[in-house]
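Q: give me a model of this one.
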Amino acid sequence: MSIEVTDVRSSPRDQIAHAAEVIGQSEHRRKVFVAIYRGKRKVKTVGEVVKLSSVRRIRVLQEAGVLANNNIVHKTKVGRELAYEKDAFYSKNKDKVWRLAGNREALKRFPTKFNPRDEVSVTISVPKKMVKVKQLNIDDIDSFSEVRKVKLSLEVSETPVDEKEFKEGLKRIIGEKGIFQDWGGEPNDLFSTRVVLNGKRVSAAFGLKGKGTKGILVPKKMGTRGDQLQRLLATPADVFLVQYWGQIDQSVIDQMKKLAIAKSWSEGKVIYYGVIDGQDTQRITVAYQDCFS
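A: Okay, here's the model as predicted:
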């Protein structure tokens, strides 16, 4: 069969834009990035980064953690001390990344495969048996089994749901204790290996859209570059869910399906995807009232 796919990590330009967007205008993150990539040494300890960047140790750990989570640097150890290793690709392109990170307009104009103004589609043919994807509803997930007791209602609250409050509620439901900071260009809003599906624990990545988004949710409203779905599906997870307090357009589901097909084919495993719209969001908050403010 013929499948139209897009892969956010397949293009060098996408990788450069991704890194620049993650680093963004954060002064501390920019200093940490420069410190790690300064000079010829491939690895620097936390102490060395603190000294080179003049950033407090706790901030270095936080900002370097963001860079590591996005594969811009790699965590390692020198003796017993935590250290950070340069990525070979970004070592060669650190100057481009730095320039774009400091210039929002230049980053918007920077051509990539997933820039909405200059999108590139690739059609490939693969055997159907090599692709295994399944669309989920919230009722299908064991971790949210209490939702099955709450019927769908046509009377949905029109009050936008606060993204941070909903994320904390989700964490309580699935028993996730991790801390997930929001920043421009993050691959997901919540990642957890504690979601249970079909009686087994799986890794799941959530993309959450809060009250800052208005109207029907379409792909172009997801991320400043319209590439939030690509970044979400680039996460090393098995289940991918997009949540929004209102109506979610079918184009979001269609794009998630295409990305799931590409991921399943490239990684050789089953990929699950789905959406949690306003009606299901309301059912979750009713079913798990104790988990939400």
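Q: pull out the buried positions in stretch 206-226.
A: Burial within stretch 206-226, assessed by neighbour count using 16 or more other CB atoms under 10 Å, is assigned to 206-210, 213, 217-219, 221-223, 225-226. Backbone N, C-alpha and C define where each C-beta goes, glycine included.
Q: end to end on it, go ahead and measure it.
A: Taking CA to CA, to the nearest Å, stretch 206-226 runs 16 Å from one end to the other.
Q: picking that back up, pull the most distant pair out of the buried residues of stretch 206-226.
A: Taking CB to CB as the measure, those reach their widest spread between Phe206 and Arg225, a distance of 19.6 Å.
Q: ok, the buried residues of stretch 206-226 vs Val133, which is closest?
A: Closest approach to Val133 among the buried residues of stretch 206-226 (CB to CB): Gly207, at 17.0 Å.
Q: ok so that closest one is a helix residue?
A: No - when DSSP: H, G, I helix; E, B strand; the rest coil is applied, Gly207 is found to be strand, with no helix at that position.
Q: which stretches in this protein count as helices?
A: When secondary structure is read from DSSP state H, the chain shows helices at 12-23, 27-37, 46-53, 57-69, 88-101, 104-109, 163-174, 228-233, 250-267, 278-287.
Q: tell me the buried residues in the last one?
A: Neighbour counts over helix 278-287 (16+ other CB under 10 Å) mark Gly278, Gln279, Asp280, Thr281, Gln282, Arg283, Ile284, Thr285, Ala287 as buried.
Q: closest to Gly199 out of these?
A: Nearest to Gly199 among those, with distances taken as CB to CB, is Ala287, at 19.7 Å.
Q: tell me where the model's unsure across the stretch 51-200 of the chain.
A: The stretch 51-200 of the chain contains residues with pLDDT under 70 at 112-127, 154-158, 180-186.
Q: OK, contacts around the residue nearest to Arg59 when sequence neighbours are not counted?
A: Excluding the flanking residues, the one nearest Arg59 by CB to CB, 6 or more residues apart in numbering is His28, at 5.0 Å. Under the criterion of CB atoms under 8 Å, 6 or more residues apart in numbering, the neighbours of His28 are Ser53, Val55, Arg59, Val60, Gln62, Glu63.
Q: and what of Gln250?
A: When contacts are taken as CB under 8 Å, 6+ apart, Gln250 is in contact with no other residue.
Q: what's the burial count for the nearest residue to Asn198 once chain neighbours are set aside?
A: Sequence neighbours aside, Asp142 is the residue nearest to Asn198 in space, at 7.1 Å (criterion: CB to CB, 6+ apart). Asp142 has 13 neighbours, counted by other CB atoms under 10 Å.
Q: surely Asp142 is in contact with Gly199?
A: Yes - taking CB atoms under 8 Å as the contact criterion, Asp142 and Gly199 are neighbours in contact, 6.5 Å apart.
Q: what are the contacting residues of stretch 129-149?
A: By CB under 8 Å, 6+ apart, the list of residues contacting stretch 129-149 reads 3, 173-174, 194-199, 239, 241, 253, 257, 260-261, 264-265, 268-274, 276, 280, 283-284, 287-288.
Q: in that stretch, what counts as buried?
A: Within stretch 129-149, the residues scored as buried using 16+ other CB under 10 Å are Val131, Val133, Leu136, Ile138, Asp140, Ile141, Ser143, Phe144, Val147.
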